[in-house]
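Engineer: take this sequence and fold it.
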Amino acid sequence: MGYSHYKTLKSVTQKFGLSAKRQSISENISPVEASSWLLETLSLVKILPLTNEKSKSERVVSPILSEVAKFYADKVTCFSGENLNINPDDNLSGECDFFFTLVPQSPYLEAPIISIVEAKDEDMEWGIAQCAAQLYGAKLFNEAEGKHFPVLYGCASTGTDWQFIRFENDTFYIDNKIYTDLKEILGVWHYILQSY
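Structural biologist: Sure, this is the predicted structure:
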């Protein structure tokens, strides 16, 4: 079951001795206009049914992340469906929905800094918990590679709702706001990636 084993944030923090707080992590976001490509791609949702996580991932989440990845192509690589195997005994292993890594055009997963999780069964709490576990796994992965990033970010998304997380000093800061406006969602992504 891997990372999806964690269905509540409390189960992650208790298992690994971490903490969590609610806090605005993206104040003063400047909305960012979507490209015509993204708007056209997302308009297809009106004629293609979004009946499950896979269709939402392919038709909504992936195009948004692709737009962001293209804008920061000189800085990051966006991966989908990669395994992040840290410790199977602690359910810190398995396939991750999406990761941004702080290596441009990398052919393999290295230096993961942002984890994005599809909220399972529209359950944002489960999505946040799985994302938190993946962020902790990313921290351990990076440390094993001799890389130390003081802040990692994550996001759980249903496709329409996006909630962001900052992981710093062994604390998960869960954003108070759930974003639904495309311009604001893109604005948060730009804010996060510009912080690196």
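Engineer: could you report the distance from the residue of the chain most remote from its centre to residue 27?
Structural biologist: Most distant from the centre of the chain: residue 47, at 26.7 Å, with distances by CA atoms, centre = their mean. Residue 47 is 37 Å from residue 27, where distance means CB to CB, to the nearest Å. (C-beta placed from N, C-alpha, C; glycine too.)
Engineer: ok, residue 67 next?
Structural biologist: 23 Å.
Engineer: residue 119 now?
Structural biologist: Counting by CB to CB - residue 119 and residue 27 are separated by 23 Å.
Engineer: just for the chain, where's the confidence low?
Structural biologist: 1, 49-52, 55, 121 (pLDDT under 70).
Engineer: could I get the full set of helices for it?
Structural biologist: Taking DSSP state H to define them, one finds helices in the chain at 9-16, 36-43, 53-56, 62-71, 124-144, 182-194.
Engineer: can you list those in JSON lines and add distance to residue 90?
Structural biologist: Below are those laid out as JSON lines (distance: least, CB to CB, whole Å):
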{"stretch": "helix 9-16", "distance to residue 90": "7"}
{"stretch": "helix 36-43", "distance to residue 90": "37"}
{"stretch": "helix 53-56", "distance to residue 90": "24"}
{"stretch": "helix 62-71", "distance to residue 90": "27"}
{"stretch": "helix 124-144", "distance to residue 90": "9"}
{"stretch": "helix 182-194", "distance to residue 90": "27"}
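Engineer: the spatially most central residue of the chain bridge partners, please.
Structural biologist: By CA atoms, centre = their mean, the mean C-alpha position of the chain lies nearest to residue 116, the distance being 2.0 Å. Going by DSSP bridges, residue 116 is paired in beta bridges with residue 98, residue 155.
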